[in-house]
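Trainee: any chance you could fold what I've pasted below:
(chains A and B)
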2 protein chains.
Amino acid sequence: MDQRVTLKELARLLNVSISTVSKALNDSPEISPQTRKRVKELAALNHYVPNMLAQNLKTKHTRTIGVIIPAILPHFFAEALHGIETKASELGYRIIICISNESIQKEAESVQTLIKGQVDGLIMSLSQETQAKTEIGHLQPIFSHKVPLVLFDRVLNQIECDKVHINDSLQAEQATMALFNSGCKKIAYFSGISDTSVDDERKKGYLEAVKNLGGSRKVVKFDPRDFPDEKLKKLIETRKIDGILASDELSAILVMKSALNSGFEIPEDLSVIGFTNGIMSEHFRPSLSTVDQHAEQQGKLALETMVDRIEGKLPEEYVEYKLETSIIHRKSTRGKVPQLTD
Amino acid sequence: MDQRVTLKELARLLNVSISTVSKALNDSPEISPQTRKRVKELAALNHYVPNMLAQNLKTKHTRTIGVIIPAILPHFFAEALHGIETKASELGYRIIICISNESIQKEAESVQTLIKGQVDGLIMSLSQETQAKTEIGHLQPIFSHKVPLVLFDRVLNQIECDKVHINDSLQAEQATMALFNSGCKKIAYFSGISDTSVDDERKKGYLEAVKNLGGSRKVVKFDPRDFPDEKLKKLIETRKIDGILASDELSAILVMKSALNSGFEIPEDLSVIGFTNGIMSEHFRPSLSTVDQHAEQQGKLALETMVDRIEGKLPEEYVEYKLETSIIHRKSTRGKVPQLTD
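Mentor: Okay, the predicted model is just below:
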């Protein structure tokens, strides 16, 4: 790594001043087109890489945006990243990504790494630990260095910045109503995720809908590595539930597998709606009706918001986008589930 | 971003020289413990971030490794990244990730971004376009700047560097033999991916096995967005095939869905083995027997190899690891599929 051709070496090879080489590479009109061409050719021949580090010290703009996501395995984040990447390419920005592994410490390190790397802005979805402890001290360097921040999906009210997320509680409420309208009378909320803002919001929306419907509430928390098959079986057998709103895609798939393995029919004995429209929802048999969280769209909007903020196109007050979601009606629900939005 | 506290400002606030501040922050024994403490406290209070850019100009070591993957949506790459990230954390390295979106141009840009960002090394899995065209000119800056490179999964023989991958052709051959030994006599290879080195290798292994078994070969290429349901139905109905080795997880799921939807039983009418042990393989009904590609393990080994290379623990000649794989026996194959490895 120590062998990069420097401006000085290029200048010596061309027998011109360093300043001439620098200006030629930056297309300065002070330098004749012939010289510019000659300098650029030699630079290309020698694989000259402009020293961004030194450049950054002057210009402070990198057209690079840092992205910190809590985990890479859930399909939601892979899709959101795909959206961020696609939109960044389109707008002429690069992204570099760090993973916080749901931990405050790794999130803090990632913030440091990316700020040091001189990104123009940071797009983050918060770690589970950060959300559970509502601890934000480790994010302080972002604010003290005035690095623009956009939070998406997993946000915290306490943090003042631009935000992109979906109205989880409203959508959970509407999904519960959709199950009711398709014929379910005893609807439970099954959650395999906890301590995240999205789970809290979805449960809140479910409880609100059940209250409005005058039904009884049933919330079941479980560990995805150890699904409570017997409990679910008994609840269906004794007709205590006929519909389930699941907290996320994997939870919904686990609910369906368990019910099918116990000999029940979906959607006849049990209707299921999940959140997140991942690849499993589409390919499972029966396919899963889901609240589409528009992961890719969230990613794209987060990136656009960031670029608008960097380029001074937004008002001084922070913006907050709550995306409308819609239900994708597949085969795990009876009849037609009413569409929430167009 | 222009408001970071500088060494100069810290020096002024403390009424000492810049050099004293710098030495104190770097724990130089030239500075008294009291002064070191005082400097560090003030630096922390003002959220001082050491200017890595300036630092790098001197030390050239960042303990940061760049990773370029071709796509983020396939579960294999999410899992491999998870492995890279986990191992990097363990060894005290950070990773920053770029996505090439299967394109040579984006791959070239990612290389430039990460080299400019002064990573200590690059871990890459090549884009489909790079592999299809066997074009490597855009990787030249890596070699001219002597940045250590480790390729994983999607590699090219032409590139001289450390490599981590699995022996795809041997494993495909053994998976075909396993289908044969479980009772299948007419085995086809179905591929929904093409122009990748892994597809070529898997097809080669399949063809080798069929030749050794004296059977007839049947290779079906298809577009995953438009699965040839009628063709598969006819092949099974007319008893032209009773076993399928699929090129990847999604292809295997599409094969199973199509066969089940046409009213066939799995594994009675058709046995299926896929590659890549993702989340769909585990949760589909019936669950899918797969050749485990150890995505996470490939990621971990790639990162370890990189760190060993950076830290001078490897011989000068490049190393090439071909991981052993194993078959995960689930419910899409008859009886017990013989284990390939322990």
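
Trainee: tell me the mean pLDDT over stretch A:127-135?
Mentor: Averaged across stretch A:127-135, the pLDDT comes to 90.

Trainee: which residues are in contact with residue A:125?
Mentor: A:68-70, A:77, A:80, A:151-154 (C-beta atoms under 8 Å, 6 or more residues apart in numbering or on different chains). C-betas here are computed from N, CA, C, even on glycine.

Trainee: just residue A:322 next, same as before
Mentor: A:165-167.

Trainee: selection in PyMOL covering whichever of those residues are buried, please.
Mentor: In PyMOL syntax, the buried subset of the contacts of residue A:322 is picked out as below (16 or more other C-beta atoms under 10 Å in any protein chain shown):
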select buried, chain A and resi 165+166
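
Trainee: in the stretch 1-150 of chain A, which spans are strands?
Mentor: Ranges of strands in the stretch 1-150 of chain A, per DSSP state E, counting those that start in this stretch, are A:64-69, A:94-99, A:121-124, A:149-152.

Trainee: take those strands and lay them out in JSON lines including mean pLDDT and distance to residue A:289.
Mentor: Written out in JSON lines, the entries for those read as follows (pLDDT from 0 to 100; distance: least, C-beta to C-beta, whole Å):
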{"stretch": "strand A:64-69", "mean pLDDT": "96", "distance to residue A:289": "27"}
{"stretch": "strand A:94-99", "mean pLDDT": "93", "distance to residue A:289": "31"}
{"stretch": "strand A:121-124", "mean pLDDT": "98", "distance to residue A:289": "30"}
{"stretch": "strand A:149-152", "mean pLDDT": "97", "distance to residue A:289": "25"}
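
Trainee: out of these, flag the one nearest residue A:42.
Mentor: Of all the strands of the stretch 1-150 of chain A, it is strand A:94-99 that lies closest to residue A:42, at 26.2 Å by C-beta to C-beta.

Trainee: the inter-axis angle of the closest one versus strand B:64-69?
Mentor: 110 degrees (axes from the mean of the first three to the mean of the last three C-alpha atoms, to 10 degrees).

Trainee: where in chain A is pLDDT low?
Mentor: For chain A, the stretches with pLDDT under 70 are A:1-4, A:49-60, A:336-342.

Trainee: right, so of the strands of the stretch 1-150 of chain A, which gets closest to residue B:237?
Mentor: Ranking these by their distance to residue B:237 (criterion: C-beta to C-beta) puts strand A:64-69 first, at 46.5 Å.

Trainee: tell me if the closest one is near chain B.
Mentor: Yes - with C-beta under 8 Å from any C-beta of the partner chain as the criterion, chain B is reached by strand A:64-69 at residue A:64.

Trainee: direction included, what does that strand pair up with?
Mentor: strand A:94-99 (parallel), strand A:121-124 (parallel) (DSSP bridges).

Trainee: now those strands as TSV including mean neighbour count?
Mentor: Listed next are the strands paired with strand A:64-69 as TSV, based on neighbours: other C-beta atoms under 10 Å in any protein chain shown:
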stretch	mean neighbour count
strand A:94-99	25
strand A:121-124	26
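
Trainee: possible to save those as CSV with distance to residue A:41?
Mentor: Below are the strands paired with strand A:64-69 laid out as CSV (distance: least, C-beta to C-beta, whole Å):
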stretch, distance to residue A:41
strand A:94-99, 26
strand A:121-124, 35
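
Trainee: what residues does the stretch 101-250 of chain A have near chain B?
Mentor: Counting by C-beta under 8 Å from any C-beta, the stretch 101-250 of chain A sits next to chain B at A:101, A:106, A:109-110, A:112-118, A:120, A:140-141, A:144-147, A:250.

Trainee: so what's residue A:163 up against?
Mentor: A:150-152, A:155, A:318-321.

Trainee: which helix or strand contains it?
Mentor: Assigned by DSSP states H and E, residue A:163 falls within strand A:162-166.

Trainee: next SSE downstream of that strand?
Mentor: Assignment by DSSP H and E places the next element after strand A:162-166 at helix A:168-181.

Trainee: for that next one, packing partners?
Mentor: strand A:187-191, helix A:197-213, strand A:243-246, strand A:271-275, strand A:289-292, strand A:326-328 (3 or more C-beta pairs under 8 Å, 6 or more residues apart in numbering or on different chains; DSSP states H and E).

Trainee: now the terminal residues of stretch A:124-137, how far apart.
Mentor: In terms of C-alpha to C-alpha, to the nearest Å, the two terminal residues of stretch A:124-137 are separated by 15 Å.

Trainee: pull out the buried residues from it.
Mentor: Under the neighbour-count criterion of 16+ other C-beta under 10 Å, stretch A:124-137 has A:124-131 buried.

Trainee: ditto for stretch A:21-39
Mentor: A:21-25, A:31, A:35-36, A:39.

Trainee: before we move on, back to that, could you dump the helices and strands packed on helix A:168-181 to a markdown table with mean neighbour count?
Mentor: Shown next, in a markdown table, are those (neighbours: other C-beta under 10 Å):
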| stretch | mean neighbour count |
| --- | --- |
| strand A:187-191 | 24 |
| helix A:197-213 | 19 |
| strand A:243-246 | 28 |
| strand A:271-275 | 28 |
| strand A:289-292 | 25 |
| strand A:326-328 | 19 |
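
Trainee: ok, which of the ones you listed comes nearest residue A:178?
Mentor: strand A:326-328 (5.8 Å).

Trainee: counting contacts, what elements does the closest one pack onto?
Mentor: Packing contacts for strand A:326-328, counted by 3+ C-beta pairs under 8 Å, 6+ apart, involve helix A:168-181, strand A:289-292.

Trainee: OK, contacts around residue A:234?
Mentor: By C-beta under 8 Å, 6+ apart, residue A:234 lies in contact with residue A:240.

Trainee: do I have it right that residue A:269 meets residue A:260?
Mentor: No - between residue A:269 and residue A:260 there is no contact under C-beta atoms under 8 Å: 9.7 Å.
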